[in-house]
Every structure is written in structure tokens, then in C-alpha cells.
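In: sequence first, predicted model second:
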Amino acid sequence: MAFNARKIIAASLILLSATAALPQGANALDAKQKQEIGDFIKEYLVANPEILLEAQQALKKKQADEQLQQAQAAITDNEKEIFQSPYDVTLGNPNGDVTIVEFYDYNCGYCKRALSDMETILEKDKNVRFVLKELPILGPDSMAAHKVSTAFRAIAPEKYGDFHRALLGGEDRANEETAMAVATGLGVSEADLRKKMGENTQDDAVKEVYTLANSLGITGTPSYVVGKEAVYGAVGAEEIETKVTNVRTCGKTVC
């Protein structure tokens, strides 16, 4: 019975669509016919509201599939900028067989919790290349911290891993003051940092990462790129490790 009702609803919707396409549009049905079809659809949906949930789930899946396809195309078109940008720092094995790219903001609470995921992956897997892409999207403090981190990265790239762990792992809000304290604590003078910050007025690094994030459909942090897949949110070390294993096994994140 439910199956037949669904077929009737589908037929009704097709009929409505078809008549709307005619020159006279919805006027192809008289008022009584339109009322009867509308009442029937309403009555059935009220009696079977799970159909609305199914439709919502189908819409979410369709949107997720479209986002995945968009991201895959963007990864193919921007491989150099994503995996080999001169603005990034690489942790782990620089010659690793699989690369994980993380987009993060130093004031992102989920990024702070995901720091342990990165550490777990790097500790367990000595053949992973882990690329850091700072995406300052959480206000002026994040942008101010970014300017310090960019200057520090330019002056002492070999110490950037320590800087990253200290600032992201800290309890205080990241801003110019806290970022400067971390940087000077690692041996780079404030004078040198401010000089480098003054030279970097165009901030090509942040322009590039904003463009990439937009192309990949990234609207929050942390987000990752593993293989040809964009991964949104703090999904945890285990899920990322599974994707890495799959890339090694079959060349894709899902085998």
C-alpha cells in the first residue's frame, strides 16, 4: 500500500512538473484537480513523515557527493599549491610516500584537540609527510598570530614544528603577543620578527591558502587533504590512518 502511494505521489509530482512546462502552465489542471492532488500529497506526508527525513538524507548525500567531486577536481588542478607550496612547512618524513595536508587556525578549539592526532600519526608512521597550512579565519587575533608565524617560518623554518606545537597546544588565545612570546622563546628576536613582518605586506601565503580553501569547499578547521580526498573536521587519527593505508594499498582513500 505504501509502495502504491509513493508511486501515486511520484506520478502526481511528474504531472505537476509536466503541466508547469506547458504554455498554459498550472492552468492545465483545474482548481479541483490541483486541490485534490495537493490534499493527497499533504495527507500522505503527514501520515508518513519519515519520507521527509529520507528526502533530507538524500539531499545531504547528494550535496556531499557534489562537494567531494568539486574537491577532487580542485586537488587535481592545484596539486603544486596544495602539496608543494613554498609557504608551507613539512613535518614527519619529507620524502614520505603519502602526504597529509592540514588546514588549521591557531584559535580553533578543534584544531587544538586534533594536535594529538597529528602527533599520533607521526609517531606511529615514519613514512608520512605532514604539511601544515595555516588558515586564519577566526578573527583579527588569528590573523595577527598568522603574521608572526609567517615571519618566524621565514627566519627559522627548522624550528617551526616546535613553534606550531607550542602555540597550538597553548591554553592562551593566539594573538600577536602570545605568538611573539613563543617565537622569542625559541630564539628568534622580536626585532628580526618585526622586520620580517614589515617586509611581508602582501602576505601571498594567506592569499594562496584562502584561494585553496575556497576551491576545496573548506569552511572550517581543521580540514585535511589525503590523496585525492578533502576531509572536513576533526575526524580523529584512526580515520586518517585508515585513509593513508588505503592510499598505499589501492591509490585511493577508499578501496
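Out: Noted; the coordinates are in hand.
In: where do the strands sit along the stretch 151-255 of the chain?
Out: Remark: strands assigned in the stretch 151-255 of the chain by DSSP state E, counting those that start in this stretch are 223-226, 229-232.
In: what's the most buried one of the ones you listed?
Out: Of all the strands of the stretch 151-255 of the chain, strand 223-226 has the most neighbours on average by mean count of other C-beta atoms under 10 Å, namely a mean of 25. Glycine gets a C-beta too; all of them are placed from N, C-alpha and C.
In: now the strands of the stretch 151-255 of the chain in JSON lines, with distance to residue 111 and mean pLDDT?
Out: Output for those, formatted as JSON lines (distance: least, C-beta to C-beta, whole Å; pLDDT from 0 to 100):
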{"stretch": "strand 223-226", "distance to residue 111": "10", "mean pLDDT": "97"}
{"stretch": "strand 229-232", "distance to residue 111": "13", "mean pLDDT": "94"}
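In: can I get those in JSON lines including distance to residue 165?
Out: Below are the strands of the stretch 151-255 of the chain laid out as JSON lines (distance: least, C-beta to C-beta, whole Å):
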{"stretch": "strand 223-226", "distance to residue 165": "18"}
{"stretch": "strand 229-232", "distance to residue 165": "21"}
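In: and those strands: which comes nearest residue 126?
Out: Residue 126 lies closest, by C-beta to C-beta, to one member of the strands of the stretch 151-255 of the chain: strand 223-226, at 17.2 Å.
In: ok, and the closest non-adjacent residue to residue 180?
Out: In this structure, residue 180 finds its nearest non-sequential neighbour in residue 148, 5.5 Å apart by C-beta to C-beta, 6 or more residues apart in numbering.
In: for whichever strand or helix holds that neighbour, which positions count as buried?
Out: Per DSSP states H and E, residue 148 falls inside helix 140-155. In terms of neighbour count (16 or more other C-beta atoms under 10 Å), helix 140-155 has its buried residues at 141-155.
In: likewise stretch 43-51?
Out: Buried residues in stretch 43-51, counted by 16+ other C-beta under 10 Å: residue 44.
In: all helices of the stretch 101-250 of the chain, in order?
Out: Secondary structure of the stretch 101-250 of the chain (DSSP state H, counting those that start in this stretch): helices at 109-124, 140-155, 160-168, 176-185, 190-199, 204-216, 237-250.
In: what does the last one contact?
Out: Among residues not part of helix 237-250, those counted as contacts by C-beta atoms under 8 Å, 6 or more residues apart in numbering are 97-98, 100, 116-118, 120-121, 124-125, 128, 224, 226-227, 229, 231, 252-255.
In: check which residues of that helix are buried.
Out: Under the neighbour-count criterion of 16+ other C-beta under 10 Å, helix 237-250 has 237, 239-244, 246-247 buried.
In: how much space between residue 209 and residue 135?
Out: Distance of residue 209 to residue 135, computed by C-beta to C-beta, to the nearest Å: 5 Å.
In: cool, and residue 107?
Out: Distance from residue 107 to residue 135, counting by C-beta to C-beta: 11 Å.
In: ok, those two, which is more surrounded?
Out: When neighbours are counted by other C-beta atoms under 10 Å, residue 107 and residue 135 differ, and residue 135 comes out ahead with 24 against 21.
In: where does this protein have low pLDDT?
Out: 1-28 (pLDDT under 70).
In: sorry, back to before: who's in contact with the residue nearest to residue 180?
Out: 176, 179-180, 183, 193, 197.
In: between the residues you listed, which is nearest residue 93?
Out: Residue 93 has its nearest neighbour among those in residue 183, at 25.7 Å by C-beta to C-beta.
In: any idea how far that closest one is from residue 30?
Out: Separation of residue 183 from residue 30 (C-beta to C-beta) stands at 76 Å.
In: related to what we said a few turns ago, need the buried residues of helix 237-250 in TSV (columns: distance to residue 42).
Out: Below are these laid out as TSV (distance: C-beta to C-beta, whole Å):
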residue	distance to residue 42
237	48
239	42
240	46
241	49
242	45
243	45
244	50
246	46
247	49
